[in-house]
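Visitor: My questions are about this predicted structure, shown below with the sequence.
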Amino acid sequence: MLPPTFAVCLAALVTWPAPLMQQRSNRAAARLSHLMTETYVEGAENFMAEVNSAEHAEELHVIAKQKNTEDGVDFNIEQISAVKLIDVDEGGMVIEEILCSSTDQRCIAIDLPISWPANMPLSKLGEMRAAYNEIVRKAYCAVANSDTIPPMYVAQQEELNRLMSLMNSEFSRMVKFYALRHASEAIAPMEEVERARLTQLTFEGLTLELTTVDLAVESANGRLERKVWSTSVLFPMPCNDPYEVEEALIRMFAEERPREIADAAYY
């Protein structure tokens, strides 16, 4: 038999008015939604302040130039004099640019809406950074000099230089394995990898310089000719810091691989 006090409490719980319980549930959901909104707003504000800093000025300029090019702006006449991130939400961001004409010296402010890349969730500061970096990468590929490295990659490389040097000096066999296992589609069937070296390492992936010999092709003097070329390998997901890059490199080596590839890396 239940104690009288417990029985009374149980009865009260069972007979609790449903609408009141629903009201409490709604209030709890509203509080949770408010907290999530506050978190998002704080992340958005931090993101805008970060992107509007001096180190990202060139990136915003390139993004604006790409958008203008798509919209048919003639840069023989028009010139971007200023650019600033003015809004961000879960659908994308809005850049304000000052576009000036060289013909009449007039300037106008234009809002440029930029959608986030597809399939990239945006509720946290780190996710906004990843989506923004993808927009920057595409903008540089579209309108910048092909030899220009986006500033974000320059900064990442500086953070990862020590790790890249360590990989090339102490783990050269592992680097060769990356070429054999993860860049095999770029290597011809009869092409032998003699040497592999990391030339770039970022939060998104790595670039390998390969020295190879095509066993199916002989030179005029009967000797095998070597060639030096580069290929890139992307991580399954972009990393947020050097520690995640290190973990990604370890996972790439630890993945199940054919025995012959694992053996070839050690010759």
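Guide: It's in. Numbering: from 1, shown residues only.
Visitor: in the stretch 51-200 of the chain, which spans are strands?
Guide: Assigned by DSSP state E, counting those that start in this stretch, the strands in the stretch 51-200 of the chain fall at 78-89, 92-101, 107-115, 191-201.
Visitor: Pull the distance from the shortest one to the chain's centre.
Guide: In other words, strand 107-115. In terms of Cα atoms, centre = their mean, to the nearest Å, the centre of strand 107-115 is set 24 Å apart from its chain centre.
Visitor: and that strand, what's its mean pLDDT?
Guide: Across strand 107-115, the average pLDDT comes to 92.
Visitor: Please apply the same query to stretch 65-81.
Guide: 89.
Visitor: what residues does that stretch touch?
Guide: Defining contact as Cβ atoms under 8 Å, 6 or more residues apart in numbering, one finds that stretch 65-81 is touched by 61, 64, 95, 97-103, 107, 112, 114, 138-139, 142-143. Quick note: C-beta positions are derived from backbone N, CA and C, even for glycine.
Visitor: Just the buried ones from those?
Guide: Buried members of the contacts of stretch 65-81, counted by 16 or more other Cβ atoms under 10 Å: H61, A64, I95, E97, L99, C100, L112, I114, A139, V143.
Visitor: if we can go back for a sec, please render the strands of the stretch 51-200 of the chain as a markdown table that adds distance to E246 to the earlier fields.
Guide: Shown next, in a markdown table, are those (distance: least, Cβ to Cβ, whole Å):
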| stretch | distance to E246 |
| --- | --- |
| strand 78-89 | 31 |
| strand 92-101 | 31 |
| strand 107-115 | 32 |
| strand 191-201 | 10 |
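Visitor: what's across from the residue lying closest to A82 once chain neighbours are set aside in the sheet?
Guide: Closest residue to A82 apart from its sequence neighbours, by Cβ to Cβ, 6 or more residues apart in numbering: I98 at 4.1 Å. Judged by DSSP bridges, the bridge partners of I98 are A82, A109.
Visitor: Show the pLDDT at I98.
Guide: Here the pLDDT value assigned to I98 is 93.
Visitor: Give me the buried positions along stretch 188-205.
Guide: Those would be V193, A196, R197, L198, Q200, L201, T202, F203, E204, G205, for stretch 188-205 by 16+ other Cβ under 10 Å.
Visitor: of all those, which two lie farthest apart?
Guide: Across those, the longest distance by Cβ to Cβ is 25.6 Å; it joins V193 and F203.
Visitor: just the helices in the stretch 101-250 of the chain please.
Guide: Taking DSSP state H, counting those that start in this stretch to define them, one finds helices in the stretch 101-250 of the chain at 125-143, 151-170, 172-182, 242-254.
Visitor: Any regions of the stretch 101-250 of the chain where pLDDT drops low?
Guide: 119-123, 144-149, 218-222 (pLDDT under 70).
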